[in-house]
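Visitor: Fold the stuff below for me.
(one chain, ligands or ions: 1)
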Amino acid sequence: MSPLRPPSPPHPSGRRIKNPHQLIAESGADLEGHGLKRTMGLFQLVCFGVGAVVGTGIFVGLSDSVAEAGPAVVLSFVLAAITCIFTAFSFAELGSAIPVSGSSYSFAYATLGERVAFLVGWCLLLEYGVSVSAVAVGWSQYVNELLDSLFGAQLPAALSAGPGDGGVINLPAVLVVMMAATLLARGVRESAGATAAMAVLKITILVLFCVIAFTAFEHGNLTPFFAQGAGGVTAGASLAFFSYIGFDAITTAGEEVRNPRRNIPIAIMVCIGLVTLLYCAVALAAIGALGPKAVADRPAALSIVVDQVTDSTVGGGIIAFGAVVAIASVVLAVMYGQTRILMSMSRDGLIPRIFERVSPRTSTPVANTWIVAVVFAVPAAFSSLDVVVNLTTIGALATMVAVNLAVIVLRRRNPEVKGSFRVPLYPLSPLLGVAFCLYLMYGTGWATWVQFAVFLGVGSAVYAFYGRSRSRLAGAGAAR
Ligand SMILES: NC(=[NH2+])NCCC[C@H](N)C(=O)O
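Guide: Purely as a prediction, here's the structure:
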């Protein structure tokens, strides 16, 4: 049973919009010590961000972006980072003004209304759920690489890749999803210490990679720099964007952060800056060592580069081991996020109540966790990486468009709700955020757009036939 919360009073506009004051009051954000415990400081918050962001995108996706952009992939990373920065400003403003859990879904509910909030929640199924599948598929490549360097043998392709990638079923990907569900259902979460350790591990592995790969650096490998022209840079940026997804996790911790109004925006900026530096260095090191062709379209590319540079399988094995641990932690974190978003939506009455049911034995949403695991194990088993990466990316970008718009709506409609952080150059920053997001969405290609349109159509139908009539907010009398 969920604790009963008093329903929000109707929004003055008469539309189904959650009153931001009510949201803040419900979360106890202005009363330190109420609600969840405020234990996270700035360092932990940055670690939390790095832990959520660095994963399959750089370890595996790098080779796809290099295939699109050549050495100019560095610019693709920068383009993706700029998109994130504008959007991160918006996340930071909303996160500091309305410091509640639930992230973009809650922000949209307080500004753009219930229908849009539902669709944002629906897109989060791509950004979180489908990305669990994507990250798991990437994990499986490094498991194979690790097995290879430990035992000199890999799993047969039939059992370690989906039909699109020349296999039948991707068993390691299914395995990691099920392991994460088992841990989450038992209430095992990364402790603050483990989160920090994981972030340090990721940074160490990537720095180690750069140090090794730079020993074999040759400028010649970086020319021609614009191997595939400007179009390649754009396509590469859409792919590279995946490796930044997750920075908004920082804003989902709103209720557990000390001094959120100051720490959340700073943590977002530090996290994106650090990650961009790392990614550009890794890309330059990898291409500088072996040239773009040897990096492009290779599974477990970072391990392979190190193997070739050091002429042994030990270094590559170490990188693979680090990647296996690091990527598994992303699966855990993202699946956790998905279950909590579904819990918020269920508490609002927009999806069936089974998602908010908490097991009395473990105090975790067990049914919710297993539904998520089983549903997203299917694309993990049978999809190829680029399909799930593109779907995750387009879903994430769509929610970010909504977040940028939410800033504008909040400032116009509730100018009194202010956080400590305000986006610079308003309204230019959120508008540029929208523009960059749309640009990268465009870069995902028409096939992804078609899949996305179908997905949104289904979501609208679910809202029309289910969520709309069962909404708690509607029960409060604000229905229109
Ligand atoms: N909230 C999320 N969807 N996180 C997925 C993060 C994916 C992560 N950027 C990676 O490269 O593996």
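
Visitor: Flag every residue of the stretch 1-150 of the chain that's near the ligand.
Guide: Ala52, Val53, Gly55, Thr56, Gly57, Glu127, Tyr128, Ser131, Val135 (CB under 6 Å from any ligand atom). Every residue, glycine included, has its C-beta placed from N, CA and C.

Visitor: give me that answer again for 5 Å
Guide: Contacts of the stretch 1-150 of the chain with the ligand, taken as CB under 5 Å from any ligand atom, map to Val53, Gly55, Thr56, Gly57, Glu127, Tyr128, Ser131, Val135.

Visitor: So which of these are in helices?
Guide: Val53, Thr56, Ser131, Val135 (DSSP state H).

Visitor: Of those - the most surrounded one?
Guide: When these are compared by neighbour count (other CB atoms under 10 Å), Val135 ends up highest, at 35 neighbours.

Visitor: And it, what's its pLDDT?
Guide: Note on Val135: pLDDT of 94.

Visitor: Which helix or strand contains Ile287?
Guide: For Ile287, the host element (DSSP states H and E) is helix 260-290.

Visitor: List the buried residues of that helix.
Guide: 260-261, 263-272, 274-276, 278-290 (16 or more other CB atoms under 10 Å).

Visitor: ok, the residue nearest to Ile351 when sequence neighbours are not counted - how many residues close by?
Guide: Once flanking residues are discounted, Ile351 sits nearest to Met345: 4.9 Å by CB to CB, 6 or more residues apart in numbering. When neighbours are defined as other CB under 10 Å, Met345 has 26 of them.

Visitor: Whatever residue of the stretch 151-300 of the chain ends up closest to the ligand: what secondary structure?
Guide: In the stretch 151-300 of the chain, the residue found nearest to the ligand is Gly246; the distance is 3.6 Å by CB to the nearest ligand atom. What DSSP: H, G, I helix; E, B strand; the rest coil gives for Gly246 is coil.

Visitor: show me what contacts it?
Guide: Gly49, Ala52, Val53, Gly55, Val330, Ala333, Val334 (CB atoms under 8 Å, 6 or more residues apart in numbering).

Visitor: What's the separation between the last one and Ser303?
Guide: With distances defined as CB to CB, to the nearest Å, the gap from Val334 to Ser303 amounts to 23 Å.

Visitor: Redo the contacts of Gly246 as a markdown table? Include pLDDT.
Guide: Below are these laid out as a markdown table (pLDDT from 0 to 100):
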| residue | pLDDT |
| --- | --- |
| Gly49 | 88 |
| Ala52 | 84 |
| Val53 | 93 |
| Gly55 | 92 |
| Val330 | 91 |
| Ala333 | 86 |
| Val334 | 89 |
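
Visitor: what about Leu431, how many neighbours?
Guide: 16.

Visitor: Just the pLDDT at it, thanks.
Guide: 97.

Visitor: For it, which non-adjacent residue is closest in space?
Guide: Per CB to CB, 6+ apart, closest to Leu431 is Asn404, 7.4 Å.

Visitor: Next up, the contacts around that neighbour.
Guide: Phe86, Thr87, Ser90, Pro430, Leu431, Gly433, Val434, Cys437.

Visitor: can you pick the most crowded of these?
Guide: Most crowded among these, counting by other CB under 10 Å, is Thr87 at 31 neighbours.

Visitor: centre of the chain versus the particular helix or strand that has that residue in it, how much separation?
Guide: Assessed by DSSP H and E, Thr87 sits inside helix 73-97. How far helix 73-97 lies from its chain's middle: 13 Å, per CA atoms, centre = their mean, to the nearest Å.

Visitor: That helix to helix 260-290, inter-axis angle?
Guide: For helix 73-97 against helix 260-290, the angle by axes from the mean of the first three to the mean of the last three CA atoms, to 10 degrees is 170 degrees.

Visitor: What is helix 73-97 packed up against?
Guide: Packing contacts for helix 73-97, counted by 3 or more CB pairs under 8 Å, 6 or more residues apart in numbering; DSSP states H and E, involve helix 62-69, helix 103-111, helix 229-241, helix 249-252, helix 260-290, helix 385-413, helix 428-442.

Visitor: hey, least reliable of these by pLDDT?
Guide: For these, mean pLDDT drops lowest on helix 249-252, to a mean of 72.

Visitor: For the closest residue in space to Ala192 that isn't next to it in sequence, which three-state class applies?
Guide: Take Ala192 and drop its neighbours on the chain: the residue closest to it by CB to CB, 6+ apart is Gln44, 5.5 Å away. The local conformation at Gln44, judged by three-state DSSP, is helix.

Visitor: residues contacting Gln44?
Guide: Contacts of Gln44 (CB under 8 Å, 6+ apart): Ala192, Thr195, Ala196.

Visitor: Now which of those would you call buried?
Guide: Here, 16+ other CB under 10 Å leaves Ala192, Thr195, Ala196 buried among these.

Visitor: Leu45 is in contact with the second one, correct?
Guide: No. With contact defined as CB atoms under 8 Å, Thr195 and Leu45 do not form a contacting pair (9.8 Å).

Visitor: Please determine how far Pro260 is located from Asn404.
Guide: 20 Å.

Visitor: thinking again about what came up before, so which elements touch the helix holding Ile287?
Guide: Partner elements for helix 260-290 (3+ CB pairs under 8 Å, 6+ apart): helix 42-53, helix 62-69, helix 73-97, helix 192-214, helix 249-252, helix 301-310.

Visitor: at 6 Å what do you get?
Guide: helix 42-53, helix 73-97, helix 192-214, helix 301-310 (3 or more CB pairs under 6 Å, 6 or more residues apart in numbering; DSSP states H and E).

Visitor: what's the angle between that helix and helix 42-53?
Guide: Using the same axes, to 10 degrees: helix 260-290 against helix 42-53 is 50 degrees.

Visitor: What is the subsequent helix or strand relative to helix 260-290?
Guide: Following helix 260-290 in sequence order, the next helix or strand is helix 292-295 (DSSP H and E).

Visitor: With only the CA atoms kept, save that following helix in CSV.
Guide: Extracted in CSV, the C-alpha atoms of helix 292-295 (Å, rounded to 0.1, in the frame of the first residue of the first chain):
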residue,chain,number,x,y,z
PRO,A,292,39.8,5.3,-37.6
LYS,A,293,39.3,2.1,-39.7
ALA,A,294,40.7,-0.1,-37.0
VAL,A,295,38.4,1.4,-34.3
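
Visitor: Now do the same for Phe225: helix, strand or coil?
Guide: Classification of Phe225 using three-state DSSP returns coil.

Visitor: mind checking how far it is from Pro163?
Guide: 36 Å.

Visitor: Of all the residues in the host helix or strand of Val331, which ones are buried?
Guide: For Val331, the element it lies in under DSSP H and E is helix 314-347. For helix 314-347, the neighbour count (16+ other CB under 10 Å) marks 315-347 as buried.

Visitor: Okay then, goodbye and thanks.
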